[in-house]
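Visitor: Give me the fold of what follows.
(one chain, ligands or ions: 1)
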Amino acid sequence: MTYDFLVIGSGPGGYVAAIRAAQLGLSTAVVEKEERFGGTCLNIGCIPSKALLDSSELYARLCQRDGHDISAHGIKIGKLELDLKAMMARKQQVVEKLTSGVDQLFKGIGIRTFRGTGRITAAGKVEVSAPEGRKQTLSARNIVLATGSVPATLPIFPTGKDGFLTSTEALSLKNVPGKMAVIGAGAIGLELGSVWARLGAEVTVIELLDQILPGMDSEISRRTRSILVKQGFQILTGARVLGYEKAGKSASGKAGKTAGGKSAAGGVILTAEDRGSKKQQVPADVVLLAVGRRPYTEDLGLAELGIKTEEGSGRIIVDGGFQTSLAGVYAIGDLIPGPMLAHKAEEEGMAVAEIAAGKPGEVNYRTIPSVVYTWPEVASVGKSEEALKEQGVEYRKGAFPFRANGRAVAMSSEEGLVKILADSRTDRVLGVHIVGPWASDLIAEAVTVMEFGGSAEDIARTVHAHPTLPEAVREAALAVDGRAIHVLGRKKS
Ligand SMILES: Cc1cc2nc3c(=O)[nH]c(=O)nc-3n(C[C@H](O)[C@H](O)[C@H](O)COP(=O)(O)OP(=O)(O)OC[C@H]3O[C@@H](n4cnc5c(N)ncnc54)[C@H](O)[C@@H]3O)c2cc1C
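Guide: Sure, this is the predicted structure:
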């Protein structure tokens with residue numbers, strides 16, 4: 001048969017596209033090379049990392065680490081033990097529950113699935129090579145490429161050797177490393193660094209650029225950095241890792257001068273250089289390379305069919321309707337330009353299915369939130385202050401600290417703030433940036449308001465339940481006009 005809609009890859013982009021296409025009555029098939037559906041996100045990305053972040057945060061609280069004081073709640077704790085094997089088993093159960101959920105959704109809505117590596121051989125034709133070597137060719141009117149991304153590596157470092165890891169291995173370590181170096185201070189580096197730091201590792205993060213979370217509003221980035229440093233992170237910014245040597249040779253002898261103060265038990269010694277050419281040695285039992293991800297286009301047959309990709313990034317070039325340079329072939333998710341985020345992939349999946357069904361699918365790229373699941377969390381949507389200044393946009397700023405929010409105080413989670421940037425002339429919300437408890441949930445209100453083209457005044461005049469964390473968002477909106485209630489601001493009008 002000829003399918004209406006055939007998707008290669010079952011990550012959040014691919015599986016959402018397939019389900020939406022089936023909802024719209026298109027005969028739909030999915031080709032996936034791995035045993036389980038769900039892609040990077042469900043198997044080795046968003047979900048297992050959050051399972052470990054939740055487990056490790058619970059452990060850190062019970063250990064009274066990172067400023068947590070359980071005894072102040074009137075709870076006495078005896079001897080605590082970490083069972084890493086059980087923690088990993090729980091993570092795996094979470095992964096299996098959600099990936100089998102995708103399988104059930106596919107079956108329930110009548111999507112045909114094929115296990116194997118998909119390759120486009122001609123317009124409308126996909127060859128599927130099953131793991132056991134059998135090949136078959138499928139026909140489709142619309143083909144969607146959703147093969148995602150894989151970790152980027154640096155040529156000077158080996159992966160899978162001498163303790164160098166990608167995020168995939170860092171999600172499944174069998175022991176808590178004594179010292180962990182993380183190269184790259186983006187979301188993945190800080191999240192996985194947090195997991196292992198909470199479980200007891202000494203973590204040093206090395207970032208080439210001058211701030212952690214590059215691209216993030218710099219006030220929020222600075223605040224996050226100081227919170228992480230209080231939690232015990234060593235953070236080197238503006239620092240380039242030049243190379244490494246195996247510890248044990250000469251490196252452990254210099255241990256007293258190293259960033260962590262102690263020598264690594266085996267592992268490696270990294271040499272980092274700052275902007276002033278000052279060198280620093282960083283010992284590490286394991287080194288997490290968190291330097292970004294690259295689109296995974298291997299074996300897809302792009303070059304043979306002349307499907308165009310961006311020079312340098314390798315991302316597939318698409319038009320406003322996600323169509324590649326080959327008619328009838330579309331691409332979505334991490335494969336195409338834009339933030340490499342699961343919800344961005346999902347939105348594109350919905351849109352491409354709607355377009356294939358003759359509907360007007362689209363994605364509003366101005367309101368894609370991004371979240372870093374450290375504790376406290378960091379979340380943002382829209383423009384940073386730096387971007388607004390650069391673009392010459394006049395804006396007003398309202399900020400509100402969580403230490404003045406009743407619920408945050410009751411939770412003993414007072415660190416951080418909400419910051420709202422609104423157009424000076426129209427009051428339209430241009431950006432919202434949060435570091436604080438459950439920022440991942442709080443950002444949703446900001447996204448909705450921005451999606452509706454709403455103003456800071458709209459948020460300020462909306463009733464928020466008390467006592468809740470979202471009241472901090474409302475207070476930041478009131479602060480845009482200088483009339484926040486629970487902090488002293490400028491004179492109210
Ligand atoms: C550690 C980590 C944590 C993350 N946390 C978050 C988070 O909290 N929030 C967030 O928004 N994003 C997060 N991400 C990013 C998120 O996982 C990706 O943006 C998202 O998975 C991209 O979805 P996708 O559908 O484009 O591709 P993927 O999820 O990468 O899925 C691609 C699928 O295609 C399959 N495939 C590849 N080639 C072929 C082929 N030729 N034939 C058949 N199948 C093929 C792959 O096996 C895979 O299943 C995280 C990533 C990592 C690594």
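Visitor: can you tell me which helix in this structure is longest?
Guide: When the chain is parsed with DSSP state H, its longest helix is helix 84-109.
Visitor: Would you confirm that residue 455 contacts residue 422?
Guide: Yes: between residue 455 and residue 422 there is a contact under C-beta atoms under 8 Å: 6.5 Å. Quick note: C-beta positions are derived from backbone N, CA and C, even for glycine.
Visitor: Which residue of the two possesses the greater neighbour count?
Guide: residue 422 (24 against 18; other C-beta atoms under 10 Å).
Visitor: Quick check: the gap between the closest residue to that one other than its chain neighbours and residue 400.
Guide: Nearest non-adjacent residue to residue 422, counting by C-beta to C-beta, 6 or more residues apart in numbering: residue 456, 4.1 Å away. Applying C-beta to C-beta, to the nearest Å, the value for residue 456 to residue 400 is 12 Å.
Visitor: Could you report the neighbour count for residue 275?
Guide: 10.
Visitor: shouldn't it be in contact with residue 236?
Guide: No: judged on C-beta under 8 Å, residue 275 makes no contact with residue 236 at a distance of 10.9 Å.
Visitor: Name every sheet partner of the longest strand along the chain and say whether each one runs parallel or antiparallel.
Guide: Taking DSSP state E as the criterion, the chain has its longest strand at strand 135-145. When pairs are called by DSSP bridges, strand 135-145 turns out to pair with strand 2-8 (parallel), strand 125-129 (antiparallel), strand 329-331 (parallel).
Visitor: Nearest to the ligand, out of those?
Guide: Nearest to the ligand, of all these, is strand 2-8, at 4.8 Å by C-beta to the nearest ligand atom.
Visitor: and the strands paired with strand 135-145, which is most packed in?
Guide: By mean neighbour count, with neighbours taken as mean count of other C-beta atoms under 10 Å, strand 329-331 ranks first of those at a mean of 28.
Visitor: elements contacting the next helix or strand after it?
Guide: Per DSSP states H and E, the first helix or strand lying C-terminal to strand 329-331 is helix 342-356. Secondary-structure packing of helix 342-356 (3 or more C-beta pairs under 8 Å, 6 or more residues apart in numbering; DSSP states H and E): strand 2-8, helix 12-23, strand 135-145, strand 329-331.
Visitor: As a markdown table, those with distance to residue 417 and mean pLDDT would be great.
Guide: Below are the helices and strands packed on helix 342-356 laid out as a markdown table (distance: least, C-beta to C-beta, whole Å; pLDDT from 0 to 100):
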| stretch | distance to residue 417 | mean pLDDT |
| --- | --- | --- |
| strand 2-8 | 41 | 98 |
| helix 12-23 | 30 | 98 |
| strand 135-145 | 41 | 98 |
| strand 329-331 | 38 | 98 |
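Visitor: In a markdown table, list those along with distance to the ligand.
Guide: As requested, the helices and strands packed on helix 342-356 are exported to a markdown table (distance: least, C-beta to the nearest ligand atom, whole Å):
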| stretch | distance to the ligand |
| --- | --- |
| strand 2-8 | 5 |
| helix 12-23 | 3 |
| strand 135-145 | 8 |
| strand 329-331 | 9 |
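Visitor: what residues are up against the closest residue to the ligand within the stretch 351-493 of the chain?
Guide: Of all residues in the stretch 351-493 of the chain, residue 373 sits closest to the ligand, at 6.0 Å by C-beta to the nearest ligand atom. Residues in contact with residue 373 (C-beta atoms under 8 Å, 6 or more residues apart in numbering) are 49, 50, 53, 187, 191, 194, 440.
Visitor: roughly how far apart are it and residue 48?
Guide: The gap separating residue 373 from residue 48 is 12 Å, by C-beta to C-beta.
Visitor: Could you do residue 188 as well?
Guide: Relative to residue 48, and taking C-beta to C-beta, residue 188 is found at 12 Å.
Visitor: And residue 114, by the same measure?
Guide: In terms of C-beta to C-beta, residue 114 sits 25 Å off from residue 48.
Visitor: of those two, who's got more company?
Guide: residue 48 (22 against 17).
Visitor: Am I right that that one sits in a helix?
Guide: Yes: under DSSP: H, G, I helix; E, B strand; the rest coil, residue 48 sits within a helix.
Visitor: Could you check how far it is from residue 411?
Guide: Separation of residue 48 from residue 411 (C-beta to C-beta) stands at 26 Å.
Visitor: before we move on, what about residue 387?
Guide: 32 Å.
Visitor: Also residue 315?
Guide: Residue 315 sits 41 Å away from residue 411, going by C-beta to C-beta.
Visitor: Residue 122 too?
Guide: 58 Å.
Visitor: follow-up on the earlier one: and for residue 455 and residue 422, which residues touch both?
Guide: 428, 429.
Visitor: before we move on, the earlier item: now the longest helix of the chain against helix 12-23, angle please.
Guide: Counting by axes from the mean of the first three to the mean of the last three C-alpha atoms, to 10 degrees, helix 84-109 lies at 30 degrees to helix 12-23.
Visitor: Correct me if wrong: residue 5 contacts residue 146.
Guide: No: look at residue 5 against residue 146 with C-beta under 8 Å: they stay out of range, at 11.6 Å.
Visitor: Show me whatever sits in contact with both of these two.
Guide: With C-beta under 8 Å, 6+ apart as the test, residue 5 and residue 146 both reach residue 17.
Visitor: gap between residue 359 and residue 332?
Guide: Taken as C-beta to C-beta, the span from residue 359 to residue 332 is 16 Å.
Visitor: Give me the more crowded residue out of those two.
Guide: Neighbours per residue (other C-beta under 10 Å) separate residue 359 from residue 332, with residue 332 holding more: 34 against 12.
Visitor: Isn't the more buried one up against residue 144?
Guide: Yes: applying C-beta under 8 Å as the test, residue 332 and residue 144 come out as touching, 6.3 Å apart.
Visitor: what's near enough to touch the closest residue to residue 462 other than its chain neighbours?
Guide: Closest residue in space to residue 462, ignoring its immediate chain neighbours: residue 474 at 6.8 Å, by C-beta to C-beta, 6+ apart. Under the criterion of C-beta under 8 Å, 6+ apart, the neighbours of residue 474 are 459, 460, 462, 464.
Visitor: ok, the first one to residue 398 distance?
Guide: Here the distance between residue 459 and residue 398 works out to 9 Å (C-beta to C-beta).
Visitor: what touches both of the two?
Guide: Joint contacts of residue 459 and residue 398 (C-beta under 8 Å, 6+ apart) are 420, 477.
Visitor: Residue numbers of the stretch 1-150 of the chain in contact with the ligand?
Guide: Within reach of the ligand by C-beta under 6 Å from any ligand atom, the stretch 1-150 of the chain has these residues: 8-14, 31-34, 39-41, 45-46, 49, 117-118, 146-149.
Visitor: can you tell me which residues contact the residue of the stretch 51-200 of the chain at minimum distance from the ligand?
Guide: The nearest approach of the stretch 51-200 of the chain to the ligand comes at residue 148, 2.0 Å away (C-beta to the nearest ligand atom). Contact analysis of residue 148 by C-beta under 8 Å, 6+ apart lists 9, 11, 13, 39, 40, 295, 296, 333, 334, 335, 345.
Visitor: Done for today, thanks.
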